[in-house]
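1. Here you go, sequence then predicted model.
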There are 2 protein chains.
Amino acid sequence: MLQKKEKYVVAVVGATGAVGNEMIETLEKRNFPVDKIRFFASENSAGKKLKFRGKDITVESINENSFKGIDIALFSAGGERSKIWAPVAAASGCVVIDNSSQWRMDPTVPLVVPEVNAHDLSWHKGIIANPNCSTIQMVVALKPVHDAARIKRVVVTTFQAVSGTGKKAMDELMKQTADLLNFREAECKVYPHQIAFNVLPHIDKFLENGYTKEEMKMVDETKKIMGDQSIKVTATTVRVPVLRGHSESVNIETEKKLSANKVRELLAAAPGVIVVDAPEKNIYPLPLHCDGKDEVFVGRIREDESISNGINMWVVSDNLLKGAALNAVQIAEVLTAN
Amino acid sequence: MLQKKEKYVVAVVGATGAVGNEMIETLEKRNFPVDKIRFFASENSAGKKLKFRGKDITVESINENSFKGIDIALFSAGGERSKIWAPVAAASGCVVIDNSSQWRMDPTVPLVVPEVNAHDLSWHKGIIANPNCSTIQMVVALKPVHDAARIKRVVVTTFQAVSGTGKKAMDELMKQTADLLNFREAECKVYPHQIAFNVLPHIDKFLENGYTKEEMKMVDETKKIMGDQSIKVTATTVRVPVLRGHSESVNIETEKKLSANKVRELLAAAPGVIVVDAPEKNIYPLPLHCDGKDEVFVGRIREDESISNGINMWVVSDNLLKGAALNAVQIAEVLTAN
């Protein structure tokens, strides 16, 4: 358990990556009580300098002794590194908040979205998992509906930004776009197919059942975060040529009937949600508008007339913030507040 | 009814538009038995010359006498022009195949996708409606599933290319993209928001029930084409920064259980469908690959484990071809063959 202090020694592991960068900015922006900060990354990046609150901090590579004296470590360095180093960090008495998929389904590790299940933080054993980006924004929008009417089934299709893959994918989208506009061929290095002016129904690896790992994350993580194994979810996850901001078409079947107006009311009152729903004025959530914003934006809320108790909604959020860095920092905030 | 001839006098109304252009090319490519061709467009375009089989054809404006002697008129000039001129053409003894939404839900007008309901052509009264692009490609993929297992409900989310809006929208996407890459602001004229590097959950006008007209077309037209009012459909239609090719995430609930393999088998044997489904080799339908192709491409076929009898699939087709021009010409082919 985290010892209550006035200020904490915080580490960011994977500090040079797209999410690491957002974690650093989020700690600054939210004025997290940082006593000392340390940045870790791969050997290649060690020695590099990154700013924190105006000061240069040297990026270190990790070793067995790195985590001594660190209170909280925010990990965003991929599953493999997390598998090795999160237990080392936890054994040093550090609380790890891990953004990889490595520990998410481990029954001894809480998987937390503070607006939904902050109570699960009470039983952590040194490692806390930050959920998948597309799952986080969906559960923030589902929770108030579930509390009011019990969700039986969700059919979700995502429109995911390339920043979910990382900085290299953002560069690839921009380079492919520029090359195509200049009548050059698009080179594919990060994705198996051109992403510029195209959409790819393929995020993460394919599994035996024909689903991608990303799709199964949405199925499995939703149940764990919501603390209800009876919620059925089916997902189709798609990469789109958007830099930042995931969008989701979410179809919900509830046990109890809810009107679209009631859902709007529930969501407007829910923490972390902003309802953006005035279609007659062309107002609905857009990935472009949520870039750099903390909240989950919900619109296009309407009753699904194909079933008795159904709702369709359109859920958008910044995948690097609420979908990753912000949620991790919010977990740290709950830990330090308790 | 169309009189059987060796060759026909054919008109293309709206010949200068994106779909009109594809209609002309499709008539050429499929070697449609054209005796004489006439091109019609708005006053602005009258006098312009377009090629057909290597010859210059002058574009005419329409008047009361335009349709005399014409056997078949392919209309793609918008709902308003169709409302006025389709009945005039039909009264002249011409068979109209209309690509607008004007006549689609008229109970005296058949709404036809030849692979699905060619039999409905038997009762036309001079006007035949060509369905909405996103509906056409979906019903081609749904029909074999419905025949085998009866479809109870469809939850569909679309990823629609800008060419569905027309040539101006294609220009807007390219111009916005170039402007943004050159650090200029993106100008929005065709769409209410930037489409480059963004997605818009908004196609066609919003209705009182919160759905767009495009979404309700998918609900209503599917029932009419499939000839089964009991099929429930709910849709979310989204514009994506793709030039050509609509993609659809289609979730299907059937009365009878079908395995993913069985669905693959049914679709592989279905007319107008190509199964592209080897995800382990990164093979799945992509809008980029279907550009200029006639077929409906289906992949990512998998059982939906959130219900007893469910299937998810990913359906892609060229919205200007099977979604518009090709389907219209195929209707004309069935009429001339009978």
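-> That came through fine. Everything numeric here is computed off the predicted structure, so don't read it as measured data.

2. Provide the secondary structure category for the residue lying closest to residue A:218 once chain neighbours are set aside.
-> Among residues not flanking residue A:218 along the chain, residue A:235 sits closest, at 4.1 Å (Cβ to Cβ, 6 or more residues apart in numbering or on different chains). All C-beta atoms are positioned from the backbone trio N, CA, C, and that covers glycine. On the three-state scheme (DSSP: H, G, I helix; E, B strand; the rest coil), residue A:235 is labelled strand.

3. what's around residue A:235, how many residues?
-> 29 (other Cβ atoms under 10 Å in any protein chain shown).

4. Surely it and residue A:158 touch.
-> Yes: contact criterion Cβ atoms under 8 Å: residue A:235 and residue A:158 qualify, at 7.1 Å.

5. Give the residues shared as contacts by these two.
-> Overlap of the contact sets of residue A:235 and residue A:158 (by Cβ atoms under 8 Å, 6 or more residues apart in numbering or on different chains) consists of residue A:218.

6. separation between the residue nearest to residue A:218 and residue A:277?
-> According to Cβ to Cβ, to the nearest Å, residue A:235 stands 23 Å off from residue A:277.

7. how far out from the middle of the chain is the helix with the most length in chain A?
-> Criterion DSSP state H: the longest helix present in chain A is helix A:133-149. The chain centroid and the centroid of helix A:133-149 are separated by 13 Å under Cα atoms, centre = their mean, to the nearest Å.

8. following that helix, which helix or strand shows up next?
-> strand A:151-160 (DSSP states H and E).

9. circling back to that earlier point, dump the residue contacts of the residue nearest to residue A:218.
-> A:156, A:157, A:158, A:211, A:214, A:215, A:216, A:218, A:219 are the contacts of residue A:235 under Cβ under 8 Å, 6+ apart.

10. hmm, try it at 7 Å
-> A:156, A:215, A:218, A:219 (Cβ atoms under 7 Å, 6 or more residues apart in numbering or on different chains).

11. what residues are up against the second one?
-> In this structure, residue A:215 makes contact with A:235, A:236, A:237, judged by Cβ under 7 Å, 6+ apart.

12. Not counting its neighbours along the chain, what's nearest the second one?
-> In this case it means residue A:236. Per Cβ to Cβ, 6+ apart, closest to residue A:236 is residue B:249, 4.2 Å.

13. gap between the one you found and residue A:240?
-> 12 Å.

14. For chain B, see how far away the residue of chain A positioned farthest from its centre is.
-> Of all residues in chain A, residue A:183 has its C-alpha farthest from the mean position, at 35.9 Å, by Cα atoms, centre = their mean. From residue A:183 over to chain B the distance is 12 Å, taken as Cβ to the nearest Cβ, to the nearest Å.

15. any idea how far that residue is from residue B:245?
-> Where residue B:245 is concerned, residue A:183 sits at a distance of 20 Å (Cβ to Cβ).

16. which residues in the stretch 201-338 of chain A form helices?
-> Using DSSP state H, counting those that start in this stretch, the helices of the stretch 201-338 of chain A run over A:213-226, A:260-268, A:287-290, A:326-337.

17. For residue B:297, find the nearest of these.
-> With Cβ to Cβ as the criterion, residue B:297 lies closest to helix A:213-226 of the helices of the stretch 201-338 of chain A, at 19.9 Å.

18. Just the buried residues of that closest one, please?
-> A:214-226 (16 or more other Cβ atoms under 10 Å in any protein chain shown).
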